[in-house]
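Student: the sequence and its predicted three-dimensional model are supplied below.
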Amino acid sequence: MRLAAAAGVLRPTAVLLFHSRSRPHRLLPSPRRSSLPFARRRRHSYSSSTATALDDPPPPPSPDAPTPTDTKAARRRRARESPEGLLKHRLDMCSRDADLATALQLYEAAVDPATAVPLALHHYNCLLYLCSNSGDADAARRGFEIFAAMEAQGVEPNEATLTSLARLAAAVRDPAMAFSVVRRMAAAGIPPRLRSYGPALFAYCDARDANGAAEVEAHMDAGGVVPEETELTALLRVNADIGRADQVYRVLHRTRTLVRQVCQATAQVVEAWFRSDAAAEAGVDKWDARKVREGVVKGGGGWHGQGWLGKGQWDVGQSEMDKDGRCQRCGEKLVCIDIDPSETETFAKSLAELACNREVRDDFVRFQDWLHRHGPFDAVIDAANVGLYKSKAFSFSQVNSVVNGIQRVTKSKKLPLIVLHRSRVNCGPAKTPQNQKLIESWRNAGALYSTPPGSNDDWYWLYAAVSCRSLLVTNDEMRDHLFQLLGTSFFPRWKEKHQVRLTYSGRGPTFHLPPPYSIVIQESEAGSWHVPTTTGDDIESPRQWVCATRKTSERPPSPPPQARATSKTLEGPPSPPPQARATGKTLEGPPSPLPQARATRKTLEGPPSPPPQARTTSKTLERPASSPPQAHAGSKTLDRPPSPPPQARAARKTSGRLPSPPPQASATNKNAERPSPSPKARLSDLGW
């Protein structure tokens, strides 16, 4: 009776559980304590208060409290299927397809009282983005109406909202309004981004308002926003169009610092400036050469910052550099701008901090200790990039050929550091006996470091190359997000002086060492300019440069090699070959006139003489047999005005020796630099 009475006051669910078929109708002893309170052995007598508590219904659940079946996926699904979610999805599709008309129809339906849908910030941002990107004045006015409705609804704008508003102002050709929007952002505590300044800056430049553009640039600098090439090109164009030579000079140097190599569009703006009348008038006839040299030393080389040097028209055109950095158009030799060792040390520390924040700190610290014990290395190899270069499967033999090749050209002849992920070392092709033997030899020599699972080996080989100040062998362009974290100030300069790129042929790998000059905008002490472009990579095709020179009062620009060779030919006879100078044969008498002059003089003096072959044959028959023909031919050359062609003289004088180069090649070689040095000599010049 007592058990039945207790069951009668229980909740229905508990009653069902209590009288279920799977459980007996009477309590049985259990080794475990039951979680059901009514199934436990009673220790106290039944009281009315307990029955009253069991009779109370449970409190109703809160509408906001999640139920046991309300998962995150269910909540997301309900949000997607709600009217607001469906509108968001449709506006996103319109934004993807640039479909402004459909987006405006959806907006009209959302604000209609009959089909009203609450609009949130994302809805307004999609609509404003479409209106600002249409480039139509009517669409821009509609965008202003939508923004006014947004403010009336009390929706707080963010950076994307105000950036779209600035674009709307630029679309109606109101740069002042676009700039005021940016200032409003800063006053409201919303940090403006580069895209926020773009509408105002480009609108001022399109309106040829250089003062307004300079004001926007100053506001960017105050906020720590760095312009990119697009913004710098716009500043170059507006100042060049109105002839502000001092501002063109300033922006060109800022481009040298921030961009280094320019795209083809920027190169066209630079060429147009140097061809303009304002550029011809800009500059001074006299300048202090000592200050110019001091500026070059202070700036680290490659520029002086003393303004335009010289006056007059510029000679502008596209050019290429030879392997030694000499311009093929004007003959100017570019310089190599050194990197301050303190900058390298600071960069290595910041690189280690970034790596520790994104990798397992203990793993990277362990690598630093290993590198301290086994280093330094003259070269570091990104083995994953090298082993997979133009290959579907990882090739250890390809890595080994690069290891042996770079070892031969380094100064210490020490094995380079090979950085490879542990999965590459333990799995796949690494299991073959030949590759296992190769891996073991690298490991025993202290030249192999296998990065731990889950790590990014880019951090490891980059830190090793920077901290050891060594060459980095990789074809990785280093443009992904990881390398964007390193900034654009130091890393591009370091990469230019340390990266070794590869090409493969049947003979094995070919190493493309860092050039002995800096690929950056350079201003010479004589006032000439060389601007590198992104056209060409110096491997598949030569890089194109903009070359701008003009005559200066200090030193006229050197003529190109071809012109110098031509002028030397016209001024006098060509220089004798080295072999002839060594024997002293040309010192016995005056040099023979040029073949063209001899031919002209013969024509004017009398009948033409027999051809050289005939003269040589007749003279040989007249001479006694005891004398060798070559000796008589050599002595008679000085007695008669005409002489055989240079080829014939060179053949007789250098019999038994290697042939000398023709006069054209000799003149060219005199004006050109020495032949390109070997990789070992190149590395010695670079300090490796």
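Tutor: It's in. Numbers count the residues shown, from 1 in each chain.

Student: residue 162 and residue 470, how far apart?
Tutor: Counting by Cβ to Cβ, to the nearest Å, the separation of residue 162 from residue 470 is 47 Å. Heads up, the C-betas are built off the backbone N, CA and C, glycines and all.

Student: pLDDT at the closest residue to residue 491 other than its chain neighbours, what is it?
Tutor: Closest residue to residue 491 apart from its sequence neighbours, by Cβ to Cβ, 6 or more residues apart in numbering: residue 483 at 6.9 Å. Predicted confidence (pLDDT) for residue 483: 77.

Student: burial of residue 483, as a residue count?
Tutor: 16 (other Cβ atoms under 10 Å).

Student: use 13 as the first number from now on
Tutor: Okay, using 13 as the starting number, the last item reads as residue 495.

Student: ok, it touching residue 504?
Tutor: No - using Cβ atoms under 8 Å, residue 495 is not in contact with residue 504; the gap is 9.7 Å.

Student: okay, residue 46: pLDDT?
Tutor: 42.

Student: likewise residue 309?
Tutor: 89.

Student: secondary structure element for it?
Tutor: Element membership for residue 309, per DSSP states H and E: helix 301-311.

Student: list the buried ones in the helix or strand harbouring residue 419?
Tutor: Following DSSP H and E, one finds residue 419 within helix 408-421. Buried residues in helix 408-421, counted by 16 or more other Cβ atoms under 10 Å: 408, 410-415, 417-419, 421.

Student: in this protein, what helix or strand scores lowest on average pLDDT?
Tutor: helix 24-30 (a mean of 37; mean pLDDT, DSSP states H and E).

Student: okay, now the domains of the chain?
Tutor: 100-292, 353-524, 573-593+675-700 (automatic domain parsing).

Student: my guess is residue 268 meets residue 532, correct?
Tutor: Yes - using Cβ under 8 Å, residue 268 is in contact with residue 532, at 6.1 Å.

Student: just the CA trace of stretch 213-228, in CSV.
Tutor: Extracted C-alpha coordinates of stretch 213-228, given in CSV (Å, rounded to 0.1, in the frame of the first residue of the first chain):
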residue,chain,number,x,y,z
LEU,A,213,42.7,60.3,-53.3
PHE,A,214,41.7,59.0,-56.7
ALA,A,215,38.9,61.6,-57.0
TYR,A,216,41.3,64.4,-56.3
CYS,A,217,43.8,63.0,-58.8
ASP,A,218,41.1,62.7,-61.5
ALA,A,219,40.2,66.3,-60.8
ARG,A,220,43.9,67.3,-61.2
ASP,A,221,43.8,68.7,-57.7
ALA,A,222,47.3,67.9,-56.5
ASN,A,223,46.9,69.9,-53.3
GLY,A,224,43.8,67.9,-52.3
ALA,A,225,45.6,64.7,-53.1
ALA,A,226,48.6,65.8,-51.0
GLU,A,227,46.3,66.5,-48.1
VAL,A,228,44.8,63.0,-48.3
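
Student: touching it from outside, list them.
Tutor: 181-182, 185-188, 190-191, 194, 209, 212, 229, 232, 243, 246-247, 249-251, 253-254, 256, 259 (Cβ atoms under 8 Å, 6 or more residues apart in numbering).

Student: show me what counts as buried in it.
Tutor: Applying 16+ other Cβ under 10 Å to stretch 213-228 flags 213-217, 221-222, 224-226, 228 as buried.

Student: so for it, mean pLDDT?
Tutor: 97.

Student: from the contacts of stretch 213-228, which would you call buried?
Tutor: 181-182, 186-187, 190-191, 194, 209, 212, 229, 232, 243, 246-247, 249-251, 253, 256, 259.

Student: follow-up on the earlier one: let's see which of the contacts of stretch 213-228 end up in helices.
Tutor: Judged by DSSP state H, the subset of these located in helices is 181-182, 187-188, 190-191, 194, 209, 212, 229, 232, 243, 246-247, 249-251, 253, 259.

Student: picking up where we left off before, dump the domains of the chain to a markdown table, plus distance to residue 541.
Tutor: A markdown table is the format used below for these (distance: least, Cβ to Cβ, whole Å):
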| stretch | distance to residue 541 |
| --- | --- |
| domain 100-292 | 7 |
| domain 353-524 | 19 |
| domain 573-593+675-700 | 20 |
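
Student: what about the ones you listed, which gets the closest to residue 537?
Tutor: Nearest to residue 537 among the domains of the chain is domain 100-292; the distance by Cβ to Cβ comes to 15.4 Å.

Student: and that closest one, end to end?
Tutor: Distance between the two ends of domain 100-292: 57 Å, counting by Cα to Cα, to the nearest Å.

Student: what do you get for stretch 427-441?
Tutor: 22 Å.

Student: strands of the stretch 313-462 of the chain, start to end?
Tutor: Using DSSP state E, counting those that start in this stretch, the strands of the stretch 313-462 of the chain run over 327-331, 391-394, 429-433, 460-463.

Student: please identify the most buried of the ones you listed.
Tutor: Among the strands of the stretch 313-462 of the chain, strand 391-394 has the highest mean neighbour count (mean count of other Cβ atoms under 10 Å), at a mean of 28.

Student: elements contacting it?
Tutor: helix 408-421, strand 429-433, helix 469-480, strand 483-485 (3 or more Cβ pairs under 8 Å, 6 or more residues apart in numbering; DSSP states H and E).

Student: nearest to residue 158, of the ones you listed?
Tutor: Per Cβ to Cβ, nearest to residue 158 of those: helix 469-480, 44.8 Å.

Student: which elements pack onto the closest one?
Tutor: Using 3+ Cβ pairs under 8 Å, 6+ apart, helix 469-480 sits against helix 353-370, helix 373-386, strand 391-394, strand 429-433, strand 460-463, strand 483-485, helix 493-496.
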